[in-house]
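**Q** Provided below for reference: sequence and predicted model.
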Amino acid sequence: MRSCPYIFTLLLLSTVAFSQNNWTGDSYEERIRAASQGGASPLFFDPAAADIPVIKPLDFDNTRECTVRDGLPNFFRKAKAGKPVTIGYIGGSITQAIYGYRTRSARYIQSLYPAVPMKAINAGISGTGTDLGACRVQEQLLQYHPDLIFVEFAVNGAYREGMEGIIRQIWKYDPSIDICLLYTIHHEQHAIYTSGKVPDNIRGLEEIASYYGIPSIHLGIQPALLVQEEKLVWRSDQKSIPGKIVFSNDGAHPLPEGGDLYAGAIARSMLTLQKADGSRKHTLPTALLNGNWDDAHMLAPTELATFSKGWSRINPTDSINLKQFAPWFPYIMKAERPGESFTFRFKGNMFGFFDIGGPEVGQLSIELDGQPVKLTPVLPGTRIASITNAAGMELVNRFNSNCNNRYRGQFECISVPQGEHVVTITLSPQKADKAAILGPQQLADITANPAKYDRTVLYIGKILIRGEIIKEVRR
């Protein structure tokens, strides 16, 4: 999900627990509740971790749960031969959660092949969708040569052009990589499943999966039927209700028992997909969607841009406030004086940036080809704005209702006409009304620490583009 206050309250509490690393004596269930869904988390994790119990697939059989299509033949062939394999996961906060479905499903796959050396990659980032996913798949997954990639973005917009871009980038890089789409659900979508239908966002992704022959798993089928049978409560403020499973507190992020149901769907599906033999190189047909994001890139800031003199380059591991972002950003460019800017050139139709929020962040102005621009609101289900000649946003505000605490990255994408462009992004002297943005429920910290908020800072971790890199910058 993108911006729900009750979700982010949970995410904040989870991150504090994670950052303190205070798990001594906690049960597995306590640790899963404390697992971070915000901020960065280690990119690699151990699918054989002894403290993660092996999920036991429940006695559930529904033909709608898993669609095999071309299966995962290369991964299973390699695992059956006893060769080392790497599993990658890319998605939003439900994927990022340290003790959620990701770790439980990886642990189960390892249990199928206990003698096979396995590595696992966590490319889940809270609050992000396939737009940023298409930009980061190369750096955060493909460079590590995974054999199997699970993709989970159904609840975070399910932007189809981004999903197709992810798929096409994977198979352009290596056509032997197997892909499996995972469909989580949110709020009251379980009622759509029990009516015999599929949520619209998932149906759109299924068209892509079918076109490319990619298997998919509907993680919400069993929970939906349990709601219908009055054995499960989808959303409750309580952690437990006698005689029933409480799936989540917020309608999206599973509690331990809910997460077990998601992991169980993957476990059952892996047993089904395991039956397929042989191997194959996946072929890329003509793209299904015009404008798919197979040309998306995520670049280190100085690889592309020239920065004005007031910027500093920070190693996040050296900063107590930024070290949690080290798995994403080897370095961060920081400016804290209005007027500081950076400039880059590219040939394409989208640019953007992946940055860090916090109490002190400010607002930006943008020039395209030497002219100041105004922006339209973002495209629903994405973080994509576009340039307008009519009334629009003159500034891009990096402070939002989640910025009273620093526990997550954030990003913006701006679509432009296809062509070669020069982009200049400048830290604006205009300050946002941060108290109004936080709202009446979040004023304690800004009231107690006004100086912390009365600043204008920008942290750039990555630059995003769709198109080609042009490194020469004319100032």
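**A** Received it, and whenever you're ready, just let me know what you need. Values in this document were obtained by computation on a predicted structure and should not be read as measured data.
**Q** helix or strand for Val246, which one?
**A** Per DSSP states H and E: Val246 is located in strand 245-248.
**Q** which residues touch that strand?
**A** 223, 226, 231-236, 238-240, 254-255, 257-258, 261 (CB atoms under 8 Å, 6 or more residues apart in numbering). All C-beta atoms are positioned from the backbone trio N, CA, C, and that covers glycine.
**Q** so how far is the helix or strand hosting Gln410 off the chain centroid?
**A** Element membership for Gln410 (DSSP H and E) is strand 409-427. Distance of strand 409-427 from the chain centroid (CA atoms, centre = their mean, to the nearest Å) equals 21 Å.
**Q** again, but for stretch 419-430
**A** With CA atoms, centre = their mean, you get 26 Å for stretch 419-430.
**Q** which other helices and strands does the strand holding Gln410 contact?
**A** Packing partners of strand 409-427 (3 or more CB pairs under 8 Å, 6 or more residues apart in numbering; DSSP states H and E): helix 130-140, strand 341-356, strand 363-368, strand 384-388, strand 458-470.
**Q** averaged pLDDT, whatever helix or strand comes next after the fourth one. What do you get?
**A** Toward the C-terminus, strand 384-388 is succeeded by strand 396-397 as the next helix or strand (DSSP H and E). What strand 396-397 shows for mean pLDDT is 96.
**Q** now for Ala296, how many residues are close by?
**A** Number of residues near Ala296 (other CB atoms under 10 Å) recorded here: 28.
**Q** please read the previous query as pertaining to Gly339.
**A** By the criterion of other CB under 10 Å, Gly339 has 12 neighbours.
**Q** which residues are in contact with it?
**A** Applying CB under 8 Å, 6+ apart, the residues near Gly339 are 308, 310, 426-427, 429.
**Q** one more pass at 10 Å, please.
**A** Contacts for Gly339 (CB atoms under 10 Å, 6 or more residues apart in numbering) come out as 308, 310, 426-429, 456.
**Q** what's the spacing between it and Ala296?
**A** Distance, Gly339 to Ala296, by CB to CB, to the nearest Å: 30 Å.
**Q** pretty sure Thr103 is in contact with Ile52, am I right?
**A** Yes. Contact criterion CB atoms under 10 Å: Thr103 and Ile52 qualify, at 5.2 Å.
**Q** and the helix or strand just after the strand holding Val246, what's its mean pLDDT?
**A** Where DSSP H and E defines the elements, the next helix or strand beyond strand 245-248 is helix 256-273. Helix 256-273 shows a mean pLDDT of 95.
**Q** residues of helix 256-273 that come out buried?
**A** Neighbour-count burial for helix 256-273, counted by 16 or more other CB atoms under 10 Å, picks out 256-270, 273.
**Q** check stretch 322-332 too.
**A** Within stretch 322-332, the residues scored as buried using 16+ other CB under 10 Å are 322, 324-329, 331-332.
**Q** for that stretch, what is the average pLDDT?
**A** Throughout stretch 322-332, pLDDT has a mean value of 93.
**Q** just the terminal-to-terminal distance for it.
**A** End-to-end distance for stretch 322-332: 9 Å, by CA to CA, to the nearest Å.
**Q** and Tyr99, how many residues sit next to it?
**A** A count of nearby residues for Tyr99, using other CB under 10 Å, gives 21.
**Q** ok, now how distant is it from Val151?
**A** Distance of Tyr99 to Val151, computed by CB to CB: 21 Å.
**Q** who is Thr86 paired with across the strands?
**A** Bridge pairing for Thr86 (DSSP bridges) gives the partners Lys119.
**Q** that one: neighbour count?
**A** Thr86: 21 neighbours (other CB under 10 Å).
**Q** kindly report the same for Pro372.
**A** Pro372: 11 surrounding residues under other CB under 10 Å.
**Q** with the one 4 residues further on instead?
**A** Using other CB under 10 Å, Thr376 is surrounded by 16 other residues.
**Q** element containing Ala158, please.
**A** Ala158 belongs to no helix or strand when elements are defined using DSSP H and E.
**Q** got the contact list for the nearest residue to it once chain neighbours are set aside?
**A** What sits nearest to Ala158 in space, not counting adjacent residues and going by CB to CB, 6 or more residues apart in numbering, is Asn201, at 3.7 Å. By CB under 10 Å, 6+ apart, the contact list for Asn201 reads 153-160, 183, 185-186, 189, 381.
**Q** state the distance from Asn201 to Trp171.
**A** Distance from Asn201 to Trp171, counting by CB to CB: 23 Å.
**Q** ok so, going back, which of the buried residues of helix 256-273 sits closest to Ser176?
**A** Checking the buried residues of helix 256-273 against Ser176 by CB to CB gives Leu273 as the nearest, at 16.0 Å.
**Q** which residues does that closest one contact?
**A** Counting by CB under 10 Å, 6+ apart, Leu273 touches 66, 68-69, 71-73, 75-76, 178, 180, 215, 217, 266.
**Q** which of the contacts of Gly339 are buried?
**A** Buried by 16+ other CB under 10 Å: 308, 426-428, 456, out of the contacts of Gly339.
**Q** my read: Ile185 touches His218, true?
**A** Yes. Using CB under 10 Å, Ile185 is in contact with His218, at 8.3 Å.
**Q** next, count neighbours for the closest residue to Leu304 other than its chain neighbours.
**A** Leaving aside its chain neighbours, Leu304 sits nearest to Phe344 (4.6 Å; criterion: CB to CB, 6+ apart). By other CB under 10 Å, the residues close to Phe344 number 25.
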